Structure formats: C-alpha cells, structure tokens
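Asks: Got a sequence here, can you build the structure:
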Amino acid sequence: MNNKKNAISAILLQATTMVQGLILPRLILSFFGSDVNGLISSITQFLGFISLLEGGLGAVVLAELYRPIEERDESTVRRILESCQAFFNQLTVAFIAYTVMLAIIYPLFITRQFSFAYTSSLVLILSITTLTQYLFSITYKLYLQATQKLYIVNYISCVTISVNMISAVVIMMFFPNIHIVKLCSGIVYLFQPLAFRHFIHQKYRLKNSLRARTDKRVLRDRWSGFSQNLAHFINMNTDVVVLTLFTSLDMVSVYTVYMLAISALRGIITSVGNSYQSALGKYLAKEEQEELNVHFYKFEKIFWFLGVVAFSTCLLLINSFVSLYTQGIKDANYFRPSFAAIIVIANMLYVLREPYRLLILAAGKFRETNFGAMMETILNLSISVFLVWRYGLIGVALGTLVAIAYRMLYFIWYLSRHILNKKYRTYAVFVLTTASVLSVNLIVYRTVNLKVLTIVGFCGYGLVVVVLNAVLYLVLYHIYNFLNKQLQRLFR
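Replies: Now for the predicted structure:
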C-alpha cells in the first residue's frame, strides 16, 4: 500500500516541480534575459558541488536502515540517524565556508556581464535552500524513505514548491528584482524541514529529537558510497559547468531550456523508481532471492517501457517545445536539433539503467562497484572537455551519452554476476525493442520537419505520438519475446 502511495505522491511531486520548472525560468527569461537565466543555472550547479562531500552517505544510511527497521531494532535505527545528523552538521560548516569562497571567486570570472556585488550577493542568496536541506532536512527524509513513507516528504515538498512558485510569480510581476525573488524562495524553503520534523515527532516512533553524535559502530562504510555519489553528481552537473567555463552564459541558458522538458520527464519516471527502492531493500534484507528476482523483473520491464516510449516521444517533441517556450526571446539561438537528439538519447539510457542502480544502492554494494563509478566520471569529464572546444553543446552531450552508456553496461554486468544471477541473453528482448523503436523515431526526426505553432497543437501532436510509440513498443516487444522463446526451445 505504501509503495502505491509513494509512487502516486512521487508523480505528483514531479508534476508540481515540472510546472514550476516551466513557469519560473520562462518568466526569468522574459523579465531578466538569457544571461541572468544562465547565471542562476551556473551558480546553482557550483553550489551543488558541496553535495560531493556528502560522499553518498544518504545511500549508505538507507542500506544500513533496512534491516534494523525490518527487525524493529529502534536503538540501532536511532544510532544510525544520530550519526547521520552529526555528519551533516559537519558538512554544513564546510558548505558555509565553500559558499563564502564561491561568493568571492566566482564573480571574478564574469565581471564583463555583471558586477561583483550583483553576482556575489546572488550566490549567498541561492545558498540558503541548500544550507537548509543539509542542516535540517536530509536525516528526516532518509528515515521516512527507509520506512516506506516517502509520500510524506513528497506531499510536503509539493506544498512548498507551490507556495514558492506563487510567491515568485507575484514578486516578479510587482517587484522585478531577481535577488528579491530568490531571497523569498529561500525563506519559503526554510519551512520545509520544520514540517518534516513536526510530522515525524507527532506521528511516528521517532518521538524524541535526534542528537547529533557519531557512533563508530554504525556507518563504518559511510565513505564507500563516495564514488557512486561522485558519478551521479558529475552526470547531473558536468555539462553546465563545462559550458560555463569554456563557452558563454547564453549557451548555458540554451542547455538549461532544453533540459527543462528532459529533466522533468526523467524526474517523473525515476521518482517512481526511487519510491520503490525501499521495497527492494526489504527483499534483500529478508534474503528472498526468488521473490526479489520476480519483483525486480516486473520493475525492470515497466521502466524499459516507460523510458523508451517517453523519450522517443520527447525526441519528436523537444524542438517544438523549445520553439514555443522561447517564442519572442531573441538574444540567443535556441534551435539545436543535433544537440537535442543526443541529449535525449543520453537521458533515455539514464532512465533505463535506473532500476539497476537502485538495486545496487539497496544492496549496499558501494565499494564493490566503485570502479564503474570512477570510470563514468573519467569518461564524462575527459570527453566533454575535449569536445566542447570544437563542438560546444554537442560535445558535452556526447560526453554524457558515452559515460551513461558505459555505466549502464557495467550495472548489467555486475548484477548479472553478483546479485540477480541473470544471463545476458535475458536483456536481448529489451535491447532489440528499444533499438527498433528508437530507430523509427530517429528516421522520422531527421526526415519530417514538423513545426507546431500552438500549445493546443503541441498537446494534440504529443498525444498521438505517445500512443503510437506505446503501441509500437508493445508490438515489437511481444514479437521479439516470442522469437526469443522459440530460439531457446530450438537450442535447448
């Protein structure tokens, strides 16, 4: 029951996030221009660097919590959470120091577009939300997720995002100052951790406040998740950082506009998976291998269907979306079809590999899979930096694509050998179906120059395309599945 609640609330949260992600950047583009939009995206990515110091602790904490929660060992649960809070308190100090350094150094690189005071103060204002998350929110969110009550976090987040969106729109309409807009957003997000804390202490077993204290008997492997966290962070942030350092802020703005739709789509699908991670952890904790294999196969099959259909549709819609979204914006070239195709395919692979990543996290196999994580990091950084000089947006997209594809193959290899004990040929039906559907859509993408000029037309076209892709996927999947079974019987 909780899994269903988690999934529904996750979809609602992503829908709310998507609405905010579409409305606010468009207003920022209209009121302040592409350079300010690019500046905000760039600062946000640099502030996100501090999450590297988290070292993947969140995933380690979840993996440690599943068994004591299943066994109702409350003292162990409390020790884990208090050690977690102690770590995040230390991280808060590091984040404050990093923010001050960033507020001093970062403005020096963009003095041609904005004054030092303008950029520095914006860095400090944007840091408020991140600081609040580390100091107050994360430990409580991890506890709720481990107990399969992530829906509480999601609903509170929905309310916070809605209030933030409304307040930001009102401020931009009457007081069009980006610093005031972002300062009010930071204040709104301060109420989120207070709501988590109040709800947990009133409704669930965690009755007393957590004391931040480190217990060396728990979280011994807290740094073993660092490579996983590093790889995940780099895939989410490398493109913007490389574009900031080696191109221009208007190029960053182009990238972030394309990613509005792609990130929203990716977030909706992966949020469903994140809500199911605790269930995977439960099966692993109970050591029910057969039950794990059965449920994971269903989980995997749903993800491949959703990922392929959603991103094949996105491929055919993305340029029309960007054209409609940036209508009237003339200070940058937002039509980049080659870049769009590559980044859509890269994010499709990211979604398709998510079940495998979540199972590895639920199993706590951090140290064992660090090699794959580090190789993904090296590939993404090296290819992106090498190609951005000549190919710009396309260069960083290729770096992301290669890195994500490599790690997906690594996940499949590791899980097949160590956790699921699956043969590689069991993936053949998924791969053939995906390749076929994607090929058809790429042919249409390259040959049909469709321009949708209205939102109604865009929605109608999108509905037709998603239905056709869903039918195409299901037909091909069943054909390949039938042929695969016949081949197995033939060679048995």
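
Asks: Check the offset of the helix or strand hosting Met173 from the chain's centre.
Replies: Remark: Met173 resides in helix 150-174, with elements defined by DSSP states H and E. For helix 150-174, the separation from the chain centroid amounts to 19 Å (computed by Cα atoms, centre = their mean, to the nearest Å).

Asks: May I see the buried residues of that helix?
Replies: If you call a residue buried by 16 or more other Cβ atoms under 10 Å, then helix 150-174 has these buried ones: 150-158, 160-161, 164-165, 168, 171-172. For glycine as for every other residue, the C-beta is placed from the backbone atoms N, C-alpha and C.

Asks: same deal with stretch 478-492?
Replies: Counting neighbours by 16+ other Cβ under 10 Å, stretch 478-492 gives Tyr480 as buried.

Asks: Run through who's touching the helix holding Met173.
Replies: 2, 5-6, 8-10, 12-13, 16-17, 19-20, 23-24, 27-28, 31, 141, 144-145, 177, 180-181, 184-185, 188-189, 191-192, 195-196, 199, 274-275, 278 (Cβ atoms under 8 Å, 6 or more residues apart in numbering).

Asks: could you redo the last one with a cut-off of 7 Å?
Replies: Contact with helix 150-174 is made by 5-6, 9-10, 12-13, 16-17, 20, 23-24, 27, 31, 141, 144, 180-181, 184-185, 188-189, 191-192, 195-196, 199, 275, as judged by Cβ atoms under 7 Å, 6 or more residues apart in numbering.

Asks: What is the following helix or strand past it packed up against?
Replies: For helix 150-174, the succeeding helix or strand toward the C-terminus, using DSSP H and E, is helix 178-189. Contacting helix 178-189 under the criterion 3 or more Cβ pairs under 7 Å, 6 or more residues apart in numbering; DSSP states H and E are the following elements: helix 116-132, helix 150-174.

Asks: Identify the residues contacting Ile343.
Replies: Counted by Cβ under 7 Å, 6+ apart, Ile343 has contacts 258, 262, 397, 400.

Asks: Report pLDDT for the last one.
Replies: According to the predicted model, the pLDDT of Thr400 comes to 92.

Asks: That one contacts Leu379, correct?
Replies: No - with the criterion set as Cβ atoms under 7 Å, Thr400 and Leu379 do not qualify as a contacting pair; they are 9.4 Å apart.

Asks: higher neighbour count, these two?
Replies: Set side by side, Thr400 and Leu379 give different neighbour counts by other Cβ atoms under 10 Å, the larger being at Thr400 (26 against 21).

Asks: With adjacent residues omitted, what lies nearest to that one?
Replies: Once flanking residues are discounted, Thr400 sits nearest to Ala346: 4.7 Å by Cβ to Cβ, 6 or more residues apart in numbering.

Asks: same deal with Cys184?
Replies: Ser167 (5.4 Å).

Asks: Flag the shaky bits of the stretch 301-450 of the chain, pLDDT-wise.
Replies: Applying pLDDT under 70 to the stretch 301-450 of the chain picks out no residues at all.

Asks: Show me where it has its helices.
Replies: According to DSSP state H, counting those that start in this stretch, the stretch 301-450 of the chain carries its helices in the segments 337-352, 354-363, 370-391, 393-418, 428-447.

Asks: CSV please, covering the ones you listed and showing distance to His478.
Replies: CSV is the format used below for the helices of the stretch 301-450 of the chain (distance: least, Cβ to Cβ, whole Å):
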stretch, distance to His478
helix 337-352, 19
helix 354-363, 21
helix 370-391, 32
helix 393-418, 22
helix 428-447, 9
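
Asks: which of the ones you listed sits most buried?
Replies: Each of the helices of the stretch 301-450 of the chain was scored by mean neighbour count; the highest is helix 354-363, a mean of 24, by mean count of other Cβ atoms under 10 Å.

Asks: Residues contacting it, please?
Replies: Residues outside helix 354-363 that contact it (Cβ under 7 Å, 6+ apart) are 59, 63, 270, 273, 277, 280-281, 284, 296, 299-300, 303, 369, 411-412, 415, 419.

Asks: Same question for stretch 304-316.
Replies: Outside of stretch 304-316, the residues that reach it under the criterion Cβ under 7 Å, 6+ apart are 261-262, 265, 269, 341, 344, 347-348, 351-352, 430, 434, 437-438, 441, 444-445, 462, 465-466, 469-470, 473.

Asks: Over to stretch 261-268?
Replies: If you take Cβ under 7 Å, 6+ apart as the criterion, stretch 261-268 is touched by 11, 14, 17-18, 21, 310-311, 314, 318, 321, 343-344, 347, 350-351.

Asks: I'd like the distance between the residue nearest the centre of the chain and Asn37.
Replies: The centre of the chain sits closest to Gly267, judged by Cα atoms, centre = their mean, with a distance of 5.8 Å. Going from Gly267 to Asn37 by Cβ to Cβ, to the nearest Å gives 20 Å.
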